[in-house]
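Engineer: Give me a 3D structure for the following:
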Amino acid sequence: MPEQENDRNSLRHLWIIGAGRTGLALGLRLHRDGAVDRLTVTGRRPAAPDHPLFGDPGAEYRPALDGVPEGISGIVIAVPDGAIAEVADRLASLHPSPELPVVHTSGSRSTDVLAPLAALGHAVGSVHPLAAISDPVDGADRLVGVSWGVEGDGAALDLAERIVAACEGRSLRIAPGGKPAYHAAAVFASNYAVALLSVAEGLMEQAGVHARDARPALTALAAGAVENVEARGPVAALTGPILRGDVETVALHLERLSAAERPLYCLLGREALRLARLAGIDPAAAARLADLLGGAE
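Structural biologist: Residues are numbered from 1 along each chain as shown. Take a look at the predicted model:
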């Protein structure tokens, strides 16, 4: 088969192992866009889940990992991180053609978790969407245009890149051994942003503002800050009392915060102070802020 035709058919019949939110959202995205001619999804449920993907004859559901579908061109393992090694072992025992590339969708695990398959000659890799997939249907739309962490070699890297291209995304190539730092970065930007907004919403309620009013105000404020970071970078995007060297306001905050909230404020305040120093804050004010933020319990 000519190389050009081989490239064009790399997603011809994809096998997704894992019928959770990520696997189903990815399958639906690829199916809707016509990036796959056929799709096989394997999960643990005895019957296909109630999902629009399985209303089409081009998508098949299998209730057990007990055989390799015929004619597949690539394998995507989309199970919880702790189950990847078990699935890799089971898949290796089925002896799929070593020409088949295998990728997983974990953000924290590297390709070494697929070692049993690599030992059989499979090209292995990973492709992880930087997107908050909380629903297996709506998640298909969230996959459009996002960035993806990718790693791997040969045909596996090619498979990962073609999945990204089918979702109109952008690839972030991860260096060997870089997966834990990559995933921690994603947690800071997503999960911890949610946690911080929860704290902010609670403080608004303490101030007498109902959550129904506080939530849209705070999320709009956060969105604006994120847009500024994207446009100008963290140093130029920083605003607020620490950048201004406003020691009195920061002290006022610390006096009002609870024993649980104060350490978090100080921890983040020290990082904001680092950025403020890069932005040129007055050294005397920076020193006073450092004492205040470092000494609070």
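Engineer: So which residues of the stretch 151-297 of the chain form strands?
Structural biologist: With DSSP state E, counting those that start in this stretch as the criterion, the stretch 151-297 of the chain has strands at 170-173.
Engineer: could you say what helices and strands the longest helix seen in the chain packs with?
Structural biologist: When the chain is parsed with DSSP state H, its longest helix is helix 211-232. On a contact count with 3 or more Cβ pairs under 8 Å, 6 or more residues apart in numbering; DSSP states H and E, helix 211-232 meets helix 191-206, helix 234-237. Where C-beta positions appear, they are placed from N, C-alpha and C, glycine not excepted.
Engineer: how about the longest one: buried residues?
Structural biologist: In this case it means helix 191-206. L197, A200, E201, L203, M204 (16 or more other Cβ atoms under 10 Å).
Engineer: Give me the nearest residue to the third one, chain neighbours excluded.
Structural biologist: Counting by Cβ to Cβ, 6 or more residues apart in numbering, the nearest residue to E201 once its immediate chain neighbours are dropped is A214, at 5.3 Å.
Engineer: And that neighbour, what's its pLDDT?
Structural biologist: Confidence at A214, expressed as pLDDT, is 97.
Engineer: between the buried residues of helix 191-206, which is nearest D291?
Structural biologist: Nearest to D291, judged by Cβ to Cβ, of those is L203 at 23.8 Å.
Engineer: For that closest one, give its distance to R277.
Structural biologist: The gap separating L203 from R277 is 26 Å, by Cβ to Cβ, to the nearest Å.
Engineer: would you list the helices and strands packed on helix 211-232 in CSV and tack on mean pLDDT and distance to I17?
Structural biologist: Shown next, in CSV, are the helices and strands packed on helix 211-232 (pLDDT from 0 to 100; distance: least, Cβ to Cβ, whole Å):
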stretch, mean pLDDT, distance to I17
helix 191-206, 96, 25
helix 234-237, 97, 38
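Engineer: so can I have JSON lines of these showing distance to A132?
Structural biologist: Shown next, in JSON lines, are these (distance: least, Cβ to Cβ, whole Å):
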{"stretch": "helix 191-206", "distance to A132": "8"}
{"stretch": "helix 234-237", "distance to A132": "21"}
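Engineer: Out of these, flag the one nearest E151.
Structural biologist: That would be helix 191-206 among these, by Cβ to Cβ, at 21.5 Å.
Engineer: hang on, the earlier thing: E271 is nearest to which of the helices and strands packed on helix 211-232?
Structural biologist: The nearest among these, by Cβ to Cβ, is helix 234-237 at 9.4 Å.
Engineer: Not counting the closest one itself, show me its contacts.
Structural biologist: Contact partners of helix 234-237, identified using Cβ atoms under 8 Å, 6 or more residues apart in numbering, comprise A225, N228, V229, A231, L275, L278, A279.
Engineer: which among the residues you listed end up buried?
Structural biologist: Using 16+ other Cβ under 10 Å, the buried members of those are A225, L275.
Engineer: What is the nearest of the contacts of helix 234-237 to W148?
Structural biologist: V229 (20.0 Å).
Engineer: what's the closest one in contact with, if anything?
Structural biologist: Neighbours of V229 in contact, by Cβ under 8 Å, 6+ apart: A237.
Engineer: quick one: L120 and L91, what's the gap?
Structural biologist: L120 is 9 Å from L91, by Cβ to Cβ.
Engineer: quick one, which of those two is more surrounded?
Structural biologist: L91 (24 against 15; other Cβ atoms under 10 Å).
Engineer: Excluding sequence neighbours, find me the nearest residue to the more buried one.
Structural biologist: With Cβ to Cβ, 6+ apart, the residue lying closest to L91 is L117, at 6.4 Å.
Engineer: what's the answer for A279, then?
Structural biologist: A279 sits nearest to V235 (Cβ to Cβ, 6+ apart), 5.2 Å away.
Engineer: same thing with A25?
Structural biologist: G139 (3.1 Å).
Engineer: The one you found and G23 touch, don't they?
Structural biologist: No - counting by Cβ atoms under 8 Å, G139 sits too far from G23 to count as a contact (10.0 Å).
Engineer: Could you list the domains of this structure?
Structural biologist: Following automatic domain parsing, one finds the domains of the chain at 3-178, 189-295.
Engineer: In contact with the residue nearest to L91, which residues?
Structural biologist: A88, L91, A92, V102, V124.
Engineer: If any of those are buried, give me the ChimeraX selection for them.
Structural biologist: Those of the contacts of L117 that count as buried under 16+ other Cβ under 10 Å are selected in ChimeraX with:
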select :88,91,92,102,124
